[in-house]
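Asker: here is the input, now give the coordinates:
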Amino acid sequence: MRPSALLIASTLLATAVGHRADAQTPPPAAGKPKAGDKPKAADKPKVAPKLEEVFADPKYQLTGVAVSAKGRVFTNYPIWSPVHQYCVVEIVGGKARPYPDEAMNSWKPGDDGTKKWVSVQAVYVDDQDKLWVVDPAAPNFGEVYQDSDKLVRIDLATNKVERTYWFKGITDNKHSYLNDIRVDTAQGGAYLTSSSQGGIVVVDLKTGDARMVLHDTPVVRSDPAYHFTIDGHEVMLGGKPLKVNSDGIALSPDRAWLYWKPLTDDKLYRIKTADLRDAKLTGAELEKRVEDLGHFLTTDGMEIDKQGNLYFGDLEHSAIVRISPDLKTRTELVKDERLGWPDSYSISRDGYLYISTSHIHEAAPFNGGVDKRKLPYGLFRLKITE
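Answerer: Alright, predicted model coming up:
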């Protein structure tokens, strides 16, 4: 998640997401709601799944989560304040271990940012069990550090970096913030959200070429009329309503559709991935191919399972909600005060939805300078399939 370029460096804001999608069954395409419709009120499951704590950090603010095929759990920590230790870690025995090593996590101002993590926003595991790390390289939401914003692929079998993708000339050093990612290994493409002015970055994984599309268009911008409210109060920053553009992202099981939404409104959009990969389309032509799916709820990250169900974290009600493949029914799986700003998601092979909590709205910049965070930051999981 990234607010506008005018936000102060100490905002402590963003989102990320780790994720793994290994299914191939496409969701039903029929019954898409009209743009003005809302799904019916959330149902309750017959048996509510238990929210299990996986990891707790009483000090450092995490955002992302990713789970490998073998059940290895990763999370990340962007630099949003002086209270920071590592950027990427693996959770081993309940402890955070720097990943892939201490050296990669040792960046400080003046260092070469191309050889280390600078300020990591998201982690993600693909269907070939590769770990992808999104480093917008913008500590405290400042300018991109030395053109070192990058996407890094790591082989989890060897714990070695396989390839790094760069974004010089694609992103704007002063106004860009790479946020979340999904990877289509079959088509050889990756899709990232840019949440500053809004946009989708399309990466050709073979050539390394990247393009920013839909940049600063209405379909990636947060609705200025929406009142983003938590605990009965509109979330404010610097005396103004908080507005965050394209953030959460999900790839359909058949890889045919990319879903995304701005963070601080309830709209949801999608587009065919074939259209995103078609570099011959003009910006105007591409925008016309975006489908406005209507109003749902606010969420930071999002996830999709092999049946095509979408999972949102209802930021305004500390809940996890499942939306049916036809987008007509939503089910509140769990509501829990520990879900302070559910941030990012990952589905494991044994059927758990992993959730990170970053408590962003409780930080001092959003509460008149008063720190109201209910620590620890954490990773949780819910059983969603048998």
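Asker: so what's the closest residue to residue 71 other than its chain neighbours up against?
Answerer: Leaving aside its chain neighbours, residue 71 sits nearest to residue 348 (6.4 Å; criterion: CB to CB, 6 or more residues apart in numbering). (C-beta placed from N, C-alpha, C; glycine too.) Taking CB atoms under 8 Å, 6 or more residues apart in numbering, we find residue 348 in contact with 20, 67, 71, 354, 381.
Asker: so residue 346: helix, strand or coil?
Answerer: Following DSSP: H, G, I helix; E, B strand; the rest coil, we place residue 346 in the strand state.
Asker: that one touches residue 68, doesn't it?
Answerer: No: using CB atoms under 8 Å as the test, residue 346 is too far from residue 68 to be in contact (9.3 Å).
Asker: next, the contact list for residue 358, please.
Answerer: 15, 61, 62, 63, 300, 340, 341, 343, 377.
Asker: beta-bridge partners for residue 234, please?
Answerer: On the basis of DSSP bridges, residue 234 is bridged to residue 229.
Asker: before we move on, what about residue 249?
Answerer: residue 260.
Asker: can you get me a residue count around it?
Answerer: If you count neighbours by other CB atoms under 10 Å, residue 249 ends up with 26.
Asker: that one touches residue 183, doesn't it?
Answerer: No: if you go by CB under 8 Å, residue 249 and residue 183 don't touch, sitting 10.8 Å apart.
Asker: shared neighbours, those two?
Answerer: Common neighbours of residue 249 and residue 183, using CB under 8 Å, 6+ apart, are residue 191.
Asker: if I look at residue 129, how far off is residue 347?
Answerer: Residue 129 sits 14 Å away from residue 347, going by CB to CB, to the nearest Å.
Asker: spatially nearest residue to residue 187, not counting backbone neighbours?
Answerer: residue 255 (6.4 Å).
Asker: just the element for the one you found, please.
Answerer: Using DSSP states H and E, no element contains residue 255; it sits outside every helix and strand.
Asker: likewise for residue 173?
Answerer: Using DSSP H and E, no helix or strand contains residue 173.
Asker: burial check on it, number of neighbours?
Answerer: Residues near residue 173, counting by other CB under 10 Å, number 16.
Asker: list the contacts of it.
Answerer: 143, 144, 147.
Asker: what about it, distance to residue 246?
Answerer: As for residue 173, its distance to residue 246 is 19 Å (criterion: CB to CB).
Asker: then residue 345?
Answerer: Taking CB to CB, one finds residue 345 at 17 Å from residue 246.
Asker: got it, and residue 233?
Answerer: In this view, residue 233 and residue 246 are 25 Å apart by CB to CB.
Asker: which of these two has more neighbours?
Answerer: Neighbours were tallied for residue 233 and for residue 246 using other CB under 10 Å; the higher tally belongs to residue 246 (30 against 11).
Asker: what are the phi and psi values for the more buried one?
Answerer: The phi and psi torsions at residue 246 (degrees, to the nearest 10) take the values phi -50, psi 130.
Asker: which pLDDT value goes with it?
Answerer: As predicted, residue 246 sits at a pLDDT of 96.
Asker: next, the buried residues of stretch 366-381.
Answerer: 366, 373, 376, 377, 378, 379, 380, 381 (16 or more other CB atoms under 10 Å).
Asker: and that stretch, end to end?
Answerer: Its start and end residues considered, stretch 366-381 measures 27 Å (CA to CA, to the nearest Å).
Asker: off-centre distance for that stretch?
Answerer: In terms of CA atoms, centre = their mean, to the nearest Å, the centre of stretch 366-381 is set 18 Å apart from its chain centre.
Asker: and for that stretch, what are the contacting residues?
Answerer: 51-62, 65, 73, 75, 91, 235-237, 242, 337-340, 348, 352-360, 362-364.
Asker: ChimeraX command for the buried members of those?
Answerer: In ChimeraX, this line selects whichever of those come out buried by 16+ other CB under 10 Å:
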select :51,54,55,57,60,61,62,65,73,75,91,235,237,242,338,339,340,348,352,353,354,355,356,357,358,359,360,362,363
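Asker: which of the contacts of stretch 366-381 fall within helices?
Answerer: If you go by DSSP state H, the contacts of stretch 366-381 have nothing in helices.
Asker: tell me what the worst-scoring helix or strand of the chain on mean pLDDT is packed against?
Answerer: Within the chain, no helix or strand scores below strand 236-237, which has a mean of 90 by mean pLDDT, DSSP states H and E. Packed against strand 236-237, as judged by 3 or more CB pairs under 8 Å, 6 or more residues apart in numbering; DSSP states H and E, are no other helices or strands.
Asker: direction included, what does it pair up with?
Answerer: strand 240-241 (antiparallel).
Asker: quick check: residue 132 is in a helix.
Answerer: No: using three-state DSSP, the assignment for residue 132 is strand, not a helix.
Asker: filter the contacts of stretch 366-381 down to the ones in strands?
Answerer: When DSSP state E is applied, those are split such that 52-57, 65, 73, 75, 91, 236-237, 352-357 fall in strands.
Asker: give the buried residues for stretch 173-186.
Answerer: Burial within stretch 173-186, assessed by neighbour count using 16+ other CB under 10 Å, is assigned to 173, 175, 176, 177, 178, 179, 180, 181, 182, 183, 184.
Asker: tell me the secondary structure at the third one.
Answerer: Right, residue 176. Under three-state DSSP, residue 176 falls in the coil class.
Asker: that one is in contact with residue 198, isn't it?
Answerer: No: with contact defined as CB under 8 Å, residue 176 does not count as touching residue 198 (10.5 Å).
Asker: if I look at residue 48, what pLDDT would I see?
Answerer: pLDDT, residue 48: 80.
Asker: list the contacts of it.
Answerer: By CB under 8 Å, 6+ apart, the residues touching residue 48 are 333, 334.
Asker: also residue 161?
Answerer: 100, 152, 153, 154.
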